[in-house]
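Undergrad: pasted the sequence and its predicted model underneath.
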Amino acid sequence: MGVGVSGWRLAGRVSGLGQLGVVSGTGLAMVLARGLQNGDNSGKLRHALRQFPVDGVADRIVAQYYIEGGKAAGAGFKLAPMPTISPDPALLELIVAANFVEVFLAKEGHDGVVGINYLEKIQLPTLPSLFGAMLAGVDYVLMGAGIPRAIPGALDSLARGELTRLKIDVAGALPGEEFLNNFDPRKFCAGAWSALSALKRPQFLGIVASATLAMTLAKKASGSVEGFVVEGPRAGGHNAPPRGTLQLTATGEPLYGERDIADLEKIRDLGLPFWLAGACGRAGKLAEALGSGAAGIQVGTAFAFCAESGIHPELKQRAIELSRLGKAGTFTDPVASPTGFPFKVLLMSETLSDPAVYLARERICDLGYLRQSYRKADGTLGYRCASEPLEDFIRKGGTPAEAQGRKCLCNSLSANIGLGQTREGGLQELALLTAGDEVANIAEFLPEGADSYTAKDVLRYLLADASPLRPEQCAAQLADAVPQVQPL
């Protein structure tokens, strides 16, 4: 569901109601920094920071970003540094603390389980992000948009407090050349590590689109894989590309066929629990999933527009009204994302899904989460993004064709949750909502006479036709309905 849509409020509510609430791990350093600059009116961010177990980190972050009463109207947000393979200590602290804060708040006030979702394509902040979530006791880590074979082993290593390395994908790397991102938990924690030496290793669920990928993770991952989320192309966020040569439909969307339907029999044969995802937020889908041998379902879109989600209230109401009118539709854009993966967008006026609005936006890259690492001629790393200014992208080795149609997801997804940047002259970054195909049906969750609905309304609807599987009934299996953030 992007950045901050399934934040701690939504994940905590779902977990408190007996299911697995999953927070989005994308861009959390930015979310924390901007939340503090907006004044942290509830005091929750500073409350969570006070629980951070490494002395001095919270004080330095608050001093750097917190603004009493919030920043002035019309003022821009102060930017955090962009992720690199060797982040400076202040950015490292912000990343770790931001992931800690999100999970800590999601777990507070109930005894349910909480997960966090990351994108394999966003590699540079992965290790400190995982560690921050683990410091807060995260129960599950989910990852897709790539082949995250190295993550299970990284979880093992981080839990033991060992220096952990993650290979970074680098365009133009020479044969045999490796670029590694390093994170040392003991060095980061300094004297506090002795009190943290029994860190829990969270369960790992790989998000897959095919039995082949599930088998690869089960057999070749660097550590144990506890299950899978099997996600089809009707889900929101990033979708796996169609297998084989990319073909487009008459409307310009990727053409999916029978080869893109996951073979559930082969996945069942792996002996690990799995959850079905993508257009599963309808009556009967839970019973259907259980009948296929799945442990349950993952639901994103239905929760994305509920009262507890992070989407700005005005955007929620517009989406719900479109659904009421039978006009809520999506477009699987083959080029929107700088990652190269198809990205499903909600068609809505005055957002970047409108071609005229997109063309009018100045190309800017100042958050950098989706930048691609590339090898410079001197052997050092550079970073480029297909949505950055065209001349910059070309200077760094990109081509005009690679940049055409690319959208700045980092800034637009921040705008979705009311944290969009204010540019010179008062220009505001505009939203680009992502949703699965079932956004057309979200009005069905509205109670009679109401204009909004809650996470509890969604769960009541989903659980009405099937008995849930409980954790105590099936080892290593979680709840029946898994609301999981669709990634950037």
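TA: Okay, I see it.
Undergrad: looking at this structure, which residue lies furthest from center?
TA: Largest separation from the mean C-alpha position in the chain: Asp378, at 33.7 Å (C-alpha atoms, centre = their mean).
Undergrad: next one, pLDDT for that one please.
TA: Turning to Asp378, the model gives it a pLDDT of 95.
Undergrad: part of a helix, is it?
TA: No - according to DSSP: H, G, I helix; E, B strand; the rest coil, Asp378 belongs to no helix; its state is coil.
Undergrad: buried set for stretch 277-284?
TA: Ala277, Gly278, Ala279, Cys280, Gly281, Arg282 (16 or more other C-beta atoms under 10 Å). For the C-beta atoms, the positions are set from N, CA and C on the backbone; glycine is no exception.
Undergrad: could you identify the most distant pair in those residues?
TA: Using C-beta to C-beta, the buried residues of stretch 277-284 span at most 12.8 Å, a distance reached by Ala277 and Arg282.
Undergrad: the host helix or strand of Leu92 packs against which elements?
TA: Per DSSP states H and E: Leu92 is located in helix 89-107. Packing partners of helix 89-107 (3 or more C-beta pairs under 8 Å, 6 or more residues apart in numbering; DSSP states H and E): helix 8-16, strand 21-24, helix 28-37, helix 44-50, helix 57-65, strand 114-119, helix 126-135.
Undergrad: now it: average pLDDT?
TA: The average pLDDT for helix 89-107 rounds to 98.
Undergrad: list the buried residues for that helix?
TA: 91-107.
Undergrad: now that helix - C-alpha only, CSV.
TA: Extracted C-alpha coordinates of helix 89-107, given in CSV (Å, rounded to 0.1, in the frame of the first residue of the first chain):
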residue,chain,number,x,y,z
PRO,A,89,25.9,7.9,11.6
ALA,A,90,23.0,10.4,11.9
LEU,A,91,21.1,8.7,9.0
LEU,A,92,21.8,5.3,10.4
GLU,A,93,20.4,6.3,13.7
LEU,A,94,17.3,7.7,12.0
ILE,A,95,16.6,4.6,10.0
VAL,A,96,17.0,2.2,13.0
ALA,A,97,14.9,4.4,15.3
ALA,A,98,12.2,5.0,12.7
ASN,A,99,11.6,1.2,12.2
PHE,A,100,11.7,0.7,16.0
VAL,A,101,9.1,3.5,16.5
GLU,A,102,6.7,2.1,13.9
VAL,A,103,6.8,-1.5,15.3
PHE,A,104,6.8,-0.4,18.9
LEU,A,105,3.6,1.7,18.5
ALA,A,106,1.9,-1.1,16.4
LYS,A,107,2.6,-3.6,19.2
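Undergrad: next one: that helix to chain centre, how far?
TA: 15 Å (C-alpha atoms, centre = their mean, to the nearest Å).
Undergrad: again with stretch 388-398
TA: Using C-alpha atoms, centre = their mean, the offset of stretch 388-398 from its chain centre is 26 Å.
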